[in-house]
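Asker: Just need the structure, nothing else, for what follows:
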Amino acid sequence: MNEINASLFRQMVLNGFKDIKSKYQSINDLNVFPVPDGDTGTNITATMSGGVKGMERVNDSHVGRLALACSSGMLLSARGNSGVIVSQFFQGLAEGLENCEVASLEDFSSALCKATEKAYDAVVHPVEGTILTVARAGSDYVKNHISSIPDFEKLFRVLLRQMEIALEKTPDLLDVLKEAGVIDSGGAGLVAIIEGMGKAIVGEELDDSEWNGPTNSLSSEASVPFDENSVLEYGYCTEFILQLLNSKDGPDKFDLKEMIKFLETLGDSIVAIRQGTIVKVHVHTKTPYMVMEYAQRYGEFVTWKMENMSIQHNEVLLKEMPIVEEKRKKIAFLAVAQSVEIAEILKQVGVDKTIAGGQTMNPSAEDFVDAFKEMNADNIIVFPNNSNIILTAQQAAALYSESNVLVAKTKSSVECYSAVPMLDKDNLSPEENLEAAEESIANLVTAQVSKAIRDSVNNGVSVKEGDFIGICKGNVVNDAPTLSGCVEGLFDKIEDFSEKSFFTVFYGAGLTDDDKESMRNAVKTRNSMMEMVELDGNQTIYPFVFAIE
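Answerer: Okay, the predicted model is just below:
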């Protein structure tokens, strides 16, 4: 076979999707860290799904236009770093085939080179030993040997073989892979796609396999009628920022612990923090006027927000209510949140909107674009809160033209939680706010604890399956058979822990009161003066997520 027509190209992409779909879990398991947060296979599969759907929307016999439809679908569906890189690979392939009604061997070879170039361009600081190396090894070999390749059957055989060889060598190029005893997961995903596409060349149509793609767990903004016959069941979600004033009882007499005790008599879901003369409070109460009265003894409100949770609770769109057009914001903040609880925490400190996402549930570029549209803002600053989501957010920002979108490179929700209160939408430009956020992040030490799912060696630390591991600044630093032992060991690894001033913890799902008390004691024995903020994040995978500054 010496050319690829549109019908065959469609089947090649579909086969590539089926192949990655059948292997996505094994690719997820190729995680550098021995914790259950691998999602590369899921992300690439979701990205490929977008390409298949993009082709379904067009009926075209022109390879170039079909490839463009495929790549456009992938751009919006891209999830995670590897998903974004794969989407860019196919974008380059589409650009290389742009003028081709049918693709010759030379056309496809050139398109492969363009695909690799676009994949490298997607990464600010390309690293060898990754999916990029795998792509380059295959495309370079085909380019350098195209004169001796007689047909597409051989082209895909040698392309696949060279990619497989490069994939097996990725641990030799990247120490973290060698130490963990795994090959690069993104590269493995690309190899699966190319293998499936090659099978279509020889007429083999792969069987489909079941795969339930990632879905958002957070519900949309929703409500039900609240009329004259309704009963207030859930109280009011009350949030405010209070400026303590010297003209009142103010900064000297205000006691945060006493305020929390008072709020506990009125409601629940209390989060209260103080930073200098600013107090931020979130509480669910049926008597918000009493909260307001108490707070005004000490200062005045910078912001006040109150929502009827009986309306929020039912999560049904109220189509009967008149739509009130919201004033367009100058600057708005968008954050990715792993849980409903974290979403609420981030909103209380100033985030305008959240979308669901995190480990194993990365949002797509389309999810971001949809959120941008809803935010009605001239400028949007995005907090991805996961290193594997940053590239997707950047791709979405590049795709959206109705607002100026900037991306703060936050790698966890605690970074966002610490950074947002330092920002000023009214008096700072978007760029100045971004700079302030990044400065705040730079002053943080972030750490977390997780449970190992296999034996491994990471950063020189021997990890045993079933043990707990401490991770600081992205590196495994200790291993212990118990959760409490791991927390203590992790704190001992954090430089100058005894000299730090502020400590924030997001509690994960399933922690007991004893687990939390043990953690508190570990902090107090090492730094009795540390000011501690404890928040129920209810996140999975990581029972503790810390920020120390």
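Asker: Give me the below-cutoff pLDDT ranges for the stretch 201-350 of the chain.
Answerer: For the stretch 201-350 of the chain, applying pLDDT under 70 flags the ranges 211-229, 234, 269, 271-273, 275, 309-326.
Asker: So in the protein, where's the weakest helix or strand by average pLDDT?
Answerer: For the chain, using mean pLDDT, DSSP states H and E, the weakest element among its helices and strands is helix 309-313, scoring a mean of 57.
Asker: Distance-wise, check Met361 relative to Thr446.
Answerer: In this structure, Met361 lies at 20 Å from Thr446, with Cβ to Cβ, to the nearest Å as the measure. (C-beta placed from N, C-alpha, C; glycine too.)
Asker: on that earlier part again, buried stuff in the helix or strand that the least confident helix or strand of the chain is followed by?
Answerer: Downstream of helix 309-313, the first helix or strand assigned by DSSP states H and E is strand 329-337. Going by neighbour count (16 or more other Cβ atoms under 10 Å), the buried part of strand 329-337 is Lys329, Ile331, Ala332, Phe333, Leu334, Ala335, Val336, Ala337.
Asker: Which strand residues bridge the second one?
Answerer: For Ile331, the beta-bridge partners under DSSP bridges are Asn379.
Asker: So it sits against Pro430, correct?
Answerer: Yes - with contact taken as Cβ atoms under 8 Å, Ile331 and Pro430 are classed as touching, separated by 5.7 Å.
Asker: Find the residues that touch each one of those two.
Answerer: In the contact map built from Cβ atoms under 8 Å, 6 or more residues apart in numbering, the residues linked to both Ile331 and Pro430 are Asn379, Ile381.
Asker: ranges for the helices of the stretch 401-549 of the chain?
Answerer: According to DSSP state H, counting those that start in this stretch, the stretch 401-549 of the chain carries its helices in the segments 413-419, 430-442, 483-493, 513-526.
Asker: tell me the most buried of those helices?
Answerer: Between the helices of the stretch 401-549 of the chain, the one whose residues have the most neighbours on average, counting mean count of other Cβ atoms under 10 Å, is helix 413-419 (a mean of 28).
Asker: Determine the set of other helices and strands touching that helix.
Answerer: The criterion is 3 or more Cβ pairs under 8 Å, 6 or more residues apart in numbering; DSSP states H and E, and the helices and strands that helix 413-419 contacts are strand 329-337, helix 340-348, strand 377-383, helix 430-442, strand 502-508, strand 531-539, strand 544-548.
Asker: Need the contact partners of the fourth one.
Answerer: Outside of helix 430-442, the residues within contact range by Cβ under 8 Å, 6+ apart are 331, 379, 381, 383, 404, 406, 408-410, 415, 418-420, 422-425, 428.
Asker: Got phi/psi on the spatially most central residue of the chain?
Answerer: For the chain, the residue nearest the mean C-alpha position is Ile389 (3.8 Å; Cα atoms, centre = their mean). When quoted as degrees, to the nearest 10, the phi and psi of Ile389 stand at phi -110, psi -20.
Asker: how deep is Gly203 tucked in, by neighbour count?
Answerer: Residue crowding around Gly203 was assessed by other Cβ atoms under 10 Å; the count is 10.
Asker: Where does it fall, secondary structure wise?
Answerer: In this structure, Gly203 sits in neither a helix nor a strand according to DSSP H and E.
Asker: got it, and Ser209?
Answerer: In the assignment (DSSP H and E), Ser209 maps to no helix and no strand.
Asker: Need the three-state assignment for the closest residue to it other than its chain neighbours.
Answerer: Of all residues not flanking Ser209 in the chain, Ser22 sits nearest, at 4.5 Å (Cβ to Cβ, 6 or more residues apart in numbering). Three-state secondary structure (criterion: DSSP: H, G, I helix; E, B strand; the rest coil) places Ser22 in helix.
Asker: in the sheet, who's paired with Val505?
Answerer: Beta-bridge pairing for Val505 (DSSP bridges): Glu534, Phe546.
Asker: wait, isn't it in contact with Leu535?
Answerer: Yes - here Val505 reaches Leu535: they are 6.9 Å apart, a contact under Cβ under 8 Å.
Asker: Just want to know which of these two has more residues nearby.
Answerer: More neighbours surround Val505 than the other of Val505 and Leu535, with 24 against 20 (other Cβ under 10 Å).
Asker: quick one: contacts for that one?
Answerer: Met519, Met532, Val533, Glu534, Leu535, Phe544, Val545, Phe546, Ala547.
Asker: and the third one, what is it in contact with?
Answerer: In this case it means Val533. Counted by Cβ under 8 Å, 6+ apart, Val533 has contacts Ile273, Phe502, Phe503, Thr504, Val505.
Asker: Which of the residues you listed has the largest number of neighbours?
Answerer: That'd be Val505 among the contacts of Val533, by other Cβ under 10 Å, with 24 neighbours.
Asker: where's it relative to Gln448, distance?
Answerer: When Val505 is compared with Gln448 (using Cβ to Cβ), they lie 10 Å apart.
Asker: what's the overlap in contacts for those two?
Answerer: Between them, Val505 and Gln448 have Phe544, Val545, Phe546 as joint contacts when contacts are counted by Cβ under 8 Å, 6+ apart.
Asker: Buried among these? Make that a PyMOL selection.
Answerer: Applying 16+ other Cβ under 10 Å to these leaves a buried subset, and the PyMOL line that selects it is:
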select buried, resi 544+545+546
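Asker: Val283: which of the shared contacts of Val505 and Gln448 is nearest?
Answerer: Val545 (22.9 Å; Cβ to Cβ).
Asker: mind listing what the host helix or strand of Ile355 pairs with, with the direction of each?
Answerer: Assigned by DSSP H and E, Ile355 belongs to strand 353-356. Each strand that strand 353-356 pairs with, and the sense of that pairing, follows from DSSP bridges: strand 329-337 (parallel).
Asker: Give me the contact list for the partner strand.
Answerer: Residues external to strand 329-337 that are found in contact with it (Cβ under 8 Å, 6+ apart): 218, 343, 346, 350-358, 363, 368, 371-372, 375-386, 389, 393, 410, 413, 416, 420, 423, 425-426, 430, 433.
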